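Peer 1: The following block contains a protein sequence and its predicted model.
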Amino acid sequence: MTDDSKKAYERLLNLSKEIHLLDSSMSVLDWDQKTYIPKEGVRNRGNQLALLAGISHQRSTSPEIGDLLKQLEGSSLESGPDSFEAANIREIKHSYEKLVKIPKSLVEELTRITTVAHEVWAEARKKSDFSIFLPYLEKIIKLKHQQAEAVGYEKHPYDALLDDFEPGATIEKVAKVFADFRQELVDLVKAISHSGKRPDTAILERDYPVDRQNRFGREAASAIGYDFEKGRLDVTVHPFCTGIGPGDVRITTRYNPNHFGQAFFGILHEAGHGIYEQGLDPERYGTPGGDAVSLGIHESQSRMWENLVGRSKPFWKYFFPKAQKVYPKALGDVKFEDFYFAINEAKLSFIRVEADEVTYNLHILVRFEIEQAFFSGDLSPKDIPGAWNEKFKNYFGLVPPDDAQGCLQDVHWSSGYFGYFPTYSLGNLYSAQFFDQAKKELGDLDQQFAKGEFGKLKEWLQEKIHRQGQRYRAEKLVEVVTGKPLSHRPLMDYLKAKYGELYAI
Ligand code: ZN
């Protein structure tokens, strides 16, 4: 390595760190806007955020970054296999090249139209009238097509969009895993609905005072390893997690005083995201080596704690007696088995965000196939409602009664987020495969969970995934951690075993 390339690398990292600090300042303003800002302060906040976003974009596309990357081409820093240096250069280059290829006018037009489209979509959903949203959706799809062409792709324009959320993922790779998954999942869902068994979920809809939910949720989040000295829990309409920097990772939730689980599992989910962010290497903060891999890998962490751990029998062996003490009136007379069945109900429903572990992935398949179809030109946007209902019927055996409960239910398309949905199912798939491997390496996790011990799993995740930052792309990370490429097998086996027992099928 020459002194020159060392210098260039250091300068590049410093620029990356500064951009990161700018972005994390926006995260604080954004968090504040969603939690405590006075109503009248929103307008000024918009101006603050727009200014910072402009500065951040300008810095991210500065010619100096391009020059430094050129200087580093072919250097030993760039070519070190699997080194953090090579990963830093690779990822900075990847996002720089993408950003400079997208014309400023396209970015501005997309921002303009999606800001309006969000309001229009909300109205269309309220009235359940797709025709109100259609002209905006058509425009957004056209602009996203232009973006894909500008950025470039090997086989399919949709690949360029997927890459924004899951770098390196392609339709071909994702479709292959999903195709293996589909039939087995449809069969399992059918078997569950034909089993005739139903849990008594009314026990979850009794009185659960909000202050107690807050206390109990905090206790569980701490137990699994979310550090409140480096984070906080607040209330928002749409729960989220924001990683502001080392020592500051915040989560939010919303409470329903007549539901046991909405806040509780929401807190576990966001705490899972939070544990990932808190586990990133603070020494590498502001560089790709200190950042999360992708949305799919992020989601694998939240769903592991929420579902694989948080809805498991051993977890509740430890927490159910505690829950009975916190809510003596609501849960005092409830049997463990009945509670466990109720929190794991699998049922066909129209709305994705309310779906359970099993049916959730079918909701994603519907969206993934429809997005692919309109980006390959096989489906015209005006035909989306019909295509949606047909696919839904194929997978669920039901037809949504209206578009509000069908193709208009999600906010994503109005924001221009195409290629986002698959990351939810990828997260489920990754989580099951990681969890399988953790079980192999860590001995009897069930026994540990039943005693309230979650530290070994958290440390394992930190070492194998969190501390690795973006050293590997998601696809490679799965192979490095588990020794195998991504497969639907671990998730399917997990679902079959768990729901086979619950529904006696
Ligand atoms: Zn999530």
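Peer 2: Nice, thanks for sending it over. Predicted model, so just to flag it, every value in this text is computed and none were measured. Numbers count the residues shown, from 1 in each chain.

Peer 1: Helices of the stretch 51-200 of the chain, residue ranges please.
Peer 2: For the stretch 51-200 of the chain, the helices defined by DSSP state H, counting those that start in this stretch cover 63-72, 76-79, 84-101, 104-127, 130-151, 157-165, 171-194.

Peer 1: Quick check: which of these is nearest to residue 458?
Peer 2: helix 84-101 (22.4 Å; Cβ to Cβ). No exception for glycine: its C-beta is placed from N, CA and C like everyone else's.

Peer 1: export the helices of the stretch 51-200 of the chain to TSV and tack on mean neighbour count and distance to residue 295?
Peer 2: Conversion of the helices of the stretch 51-200 of the chain to TSV gives the following (neighbours: other Cβ atoms under 10 Å; distance: least, Cβ to Cβ, whole Å):
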stretch	mean neighbour count	distance to residue 295
helix 63-72	16	24
helix 76-79	16	26
helix 84-101	19	15
helix 104-127	15	18
helix 130-151	18	17
helix 157-165	22	5
helix 171-194	17	13
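
Peer 1: And the one helix or strand residue 22 maps to, what does it pack against?
Peer 2: For residue 22, the element it lies in under DSSP states H and E is helix 3-35. In terms of contacts (3 or more Cβ pairs under 8 Å, 6 or more residues apart in numbering; DSSP states H and E), helix 3-35 is packed against helix 42-60, helix 63-72, helix 76-79, helix 84-101, strand 241-245, strand 248-253.

Peer 1: What mean pLDDT does that helix get?
Peer 2: Per-residue pLDDT over helix 3-35 has a mean of 96.

Peer 1: Give me the residue at the spatial middle of the protein.
Peer 2: By Cα atoms, centre = their mean, the chain has its centre lying nearest to residue 299, at 3.8 Å.

Peer 1: Just to check, that residue is in contact with residue 424?
Peer 2: Yes: between residue 299 and residue 424 there is a contact under Cβ atoms under 8 Å: 5.9 Å.

Peer 1: list the contacts for residue 285?
Peer 2: Residue 285 sits next to 17, 20, 245, 246 when contact means Cβ atoms under 8 Å, 6 or more residues apart in numbering.

Peer 1: pLDDT at it, what is it?
Peer 2: At residue 285, the pLDDT value in this model is 98.

Peer 1: how close does it get to residue 278?
Peer 2: Distance of residue 285 to residue 278, given as Cβ to Cβ, to the nearest Å: 12 Å.

Peer 1: what's the answer for residue 330, then?
Peer 2: To residue 278, residue 330 is 32 Å away according to Cβ to Cβ.

Peer 1: who has more neighbours, those two?
Peer 2: Remark: of residue 330 and residue 278, residue 278 carries more neighbours, 23 against 20, as counted by other Cβ atoms under 10 Å.

Peer 1: what kind of secondary structure is the more buried one in?
Peer 2: helix (DSSP: H, G, I helix; E, B strand; the rest coil).

Peer 1: Could you list everything the nearest residue to it once chain neighbours are set aside pairs with in the sheet?
Peer 2: Nearest non-adjacent residue to residue 278, counting by Cβ to Cβ, 6 or more residues apart in numbering: residue 249, 5.0 Å away. Judged by DSSP bridges, the bridge partners of residue 249 are residue 231, residue 243.

Peer 1: Assess the claim that residue 249 and residue 241 are in contact.
Peer 2: Yes: Residue 249 is within contact range of residue 241, at 7.0 Å (criterion: Cβ under 8 Å).

Peer 1: picking that back up, just the buried subset of the contacts of residue 285, please.
Peer 2: Taking 16 or more other Cβ atoms under 10 Å as the criterion, what is buried in those is 20, 245, 246.

Peer 1: Which one of these is nearest to residue 374?
Peer 2: Distances from residue 374 to the buried ones among the contacts of residue 285, taken as Cβ to Cβ, are shortest for residue 20 (34.8 Å).

Peer 1: in this protein, which ranges drop under the pLDDT threshold?
Peer 2: Under the criterion pLDDT under 70, the flagged ranges of the chain are 1.

Peer 1: residue contacts, residue 278?
Peer 2: So residue 278 contacts 226, 227, 230, 231, 243, 249 (Cβ under 8 Å, 6+ apart).

Peer 1: Looks like the fifth one contacts residue 27 (just checking).
Peer 2: Okay, so that is residue 243. Yes: applying Cβ under 8 Å, one finds residue 243 in contact with residue 27, separated by 7.5 Å.

Peer 1: Looking at the two now, which is surrounded by more residues?
Peer 2: Comparing residue 243 with residue 27 by other Cβ under 10 Å, the one with more neighbours is residue 243, at 21 against 15.

Peer 1: my guess is residue 362 contacts residue 396, does it?
Peer 2: Yes: here residue 362 reaches residue 396: they are 6.4 Å apart, a contact under Cβ under 8 Å.

Peer 1: Can you pull the residues that touch both of the two?
Peer 2: Contact with both residue 362 and residue 396 is made by residues residue 189, according to Cβ under 8 Å, 6+ apart.

Peer 1: are any of the contacts of residue 278 buried, and which?
Peer 2: Counted by 16+ other Cβ under 10 Å, the contacts of residue 278 give 226, 231, 243, 249 as buried.

Peer 1: Among these, which one lies nearest to residue 178?
Peer 2: Minimum distance to residue 178 across the buried ones among the contacts of residue 278 is 28.8 Å, recorded for residue 243 (Cβ to Cβ).

Peer 1: re earlier: now the buried ones among the contacts of residue 278 in CSV, with distance to residue 314?
Peer 2: As requested, these are exported to CSV (distance: Cβ to Cβ, whole Å):
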residue, distance to residue 314
226, 19
231, 25
243, 29
249, 27
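
Peer 1: For residue 176, state which of those residues is nearest.
Peer 2: The closest of those, once distances to residue 176 are taken by Cβ to Cβ, is residue 243, at 31.5 Å.

Peer 1: Against residue 486, how distant is the closest one?
Peer 2: Taken as Cβ to Cβ, the span from residue 243 to residue 486 is 25 Å.

Peer 1: tell me the SS of residue 470?
Peer 2: Per three-state DSSP, residue 470 ends up coil.

Peer 1: quick one, helices of the stretch 301-450 of the chain?
Peer 2: Secondary structure of the stretch 301-450 of the chain (DSSP H, counting those that start in this stretch): helices located at 313-326, 328-331, 336-342, 360-375, 384-396, 422-442, 445-450.

Peer 1: before we move on, back to that, what is the most widely separated pair among the buried ones among the contacts of residue 278?
Peer 2: Longest span within the buried ones among the contacts of residue 278, Cβ to Cβ: 226 and 243, 12.3 Å.

Peer 1: joint contacts of those two?
Peer 2: Here residue 226 and residue 243 have 274, 278 as joint contacts, going by Cβ under 8 Å, 6+ apart.

Peer 1: Please report phi then psi for residue 411.
Peer 2: Main-chain torsions, residue 411, degrees, to the nearest 10: phi -80, psi -20.

Peer 1: so what's it up against?
Peer 2: Residue 411 sits next to 118, 121 when contact means Cβ under 8 Å, 6+ apart.

Peer 1: For the residue nearest to the centre of the chain, give its distance to residue 252.
Peer 2: Plainly put, residue 299 is 17 Å away from residue 252 if you go by Cβ to Cβ.

Peer 1: picking up where we left off before, looking at the contacts of residue 285, which is nearest residue 138?
Peer 2: The closest of the contacts of residue 285, once distances to residue 138 are taken by Cβ to Cβ, is residue 20, at 36.1 Å.

Peer 1: For the helix or strand residue 212 falls within, which residues meet the burial criterion?
Peer 2: For residue 212, the element it lies in under DSSP H and E is helix 210-224. Residues of helix 210-224 classed as buried by neighbour count (16+ other Cβ under 10 Å): 213, 214, 216, 217, 220, 221, 223, 224.
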